[in-house]
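>>> give the three-dimensional model of this entry:
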Amino acid sequence: MSIFNKSTLTLTLAVVGLLGLSNLQAASTPTTKPEPEVNVAVLGGKFSFNLPAGFNASPLSADEQSSEGAGAVGTLYANAQEKRVVMVIEKPLPDASRTGDNDDAFLDGAVSGFVDRQSAGLPDFRQTGESRLSRNGLGVRQVDSTATLGGGKTLNSTFIAGSGDRMAVIQVISRGDDASGHAALVKRIAPRFEGTSD
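Below you'll find the model as predicted:
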C-alpha cells in the first residue's frame, strides 16, 4: 500500500488559495453558470450527491490534474458567496493496487497517505475525526480536519473511496468560522451512508 502513502490525495496550494478569501470568484473562472443543483457522480455512479445552488464548476487545469497522476480527472466547484470549495478528483489505480468496493486495507492505506501528506505540507494541520461509511457495498472514509489555507483558518472534510481500477477523493473546504454551513454541505454529500466514527 506504499503507493498510497506517496499519492498526492490533496488539493494543490494554488487551488486552496481560492479560499483566499476575498478573491474566490476571480481565481476560479467558471465554465458554467450556477445551477439550481449540481449532480456529481464518481466511480461509475456508485458515489453520487447533489451540490446546492450557487456552485460554479470548473475543470482542473492540465497541470493540476497531472499532479494527481496520469489519467486523473478533476473538477473544482466554487461558491463565491459562501467562500466554499469542493474538489472532486478521480484517478486510475495501478494494477497492484486495484481494490474491491469496501477494502479496509486499501482505505486504511489511502487515509494514512492523505493524512501524512497534509501533515507534511500544512504546519497546523489537525485531524479532528474519521468515519467509516458504506452504502450499497461501497466503503468510504471521511477524514475531518482543520488547517490554515489560503491565508485563513479552514474546516476540511475529505471523502476517499475506491472501486476496481479507480479511486475518488472529494474534499470540502470551508472557512473556519462557518461550522454550520460546512456540516450542512457534508451531510448533503453523504446523506444516505451508514457509518461509524473512529
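>>> in the protein, where's the longest helix?
Using DSSP state H, we find that the single longest helix of the chain is helix 104-121.
>>> tell me the buried residues in the helix or strand following it?
Moving toward the C-terminus from helix 104-121, the next helix or strand (DSSP states H and E) is strand 126-135. Residues 127, 130-133, 135 are the ones in strand 126-135 that count as buried (16 or more other C-beta atoms under 10 Å). Yep, even glycine has a C-beta here, placed from its N, CA and C like the rest.
>>> ok now strand 126-135, how far from the chain's centre?
13 Å (C-alpha atoms, centre = their mean, to the nearest Å).
>>> which helices and strands sit right next to that strand?
Under the contact criterion of 3 or more C-beta pairs under 8 Å, 6 or more residues apart in numbering; DSSP states H and E, strand 126-135 touches helix 104-121, strand 138-149, strand 194-197.
>>> tell me the angle of that strand relative to helix 104-121?
Orientation check (axes from the mean of the first three to the mean of the last three C-alpha atoms, to 10 degrees): strand 126-135 against helix 104-121 gives 150 degrees.
>>> where in this structure is pLDDT low?
1-35, 61-70, 191-198 (pLDDT under 70).
>>> what are the ranges of the strands in the chain?
In the chain, the segments counted as strands under DSSP state E are 38-42, 47-51, 56-59, 73-79, 84-92, 126-135, 138-149, 152-163, 166-175, 194-197.
>>> give me the number of residues near the nearest residue to Gln81 once chain neighbours are set aside?
Leaving aside its chain neighbours, Gln81 sits nearest to Gly54 (5.9 Å; criterion: C-beta to C-beta, 6 or more residues apart in numbering). If you count neighbours by other C-beta atoms under 10 Å, Gly54 ends up with 17.
>>> now Gly54: how far from Lys83?
Separation of Gly54 from Lys83 (C-beta to C-beta, to the nearest Å): 11 Å.
>>> and if you look at Asp95?
41 Å.
>>> the more surrounded of the two?
The residue with more neighbours, out of Asp95 and Lys83, is Lys83; 22 against 7, by other C-beta under 10 Å.
>>> the more buried one is in contact with Arg175, isn't it?
Yes: using C-beta atoms under 8 Å, Lys83 is in contact with Arg175, at 5.4 Å.
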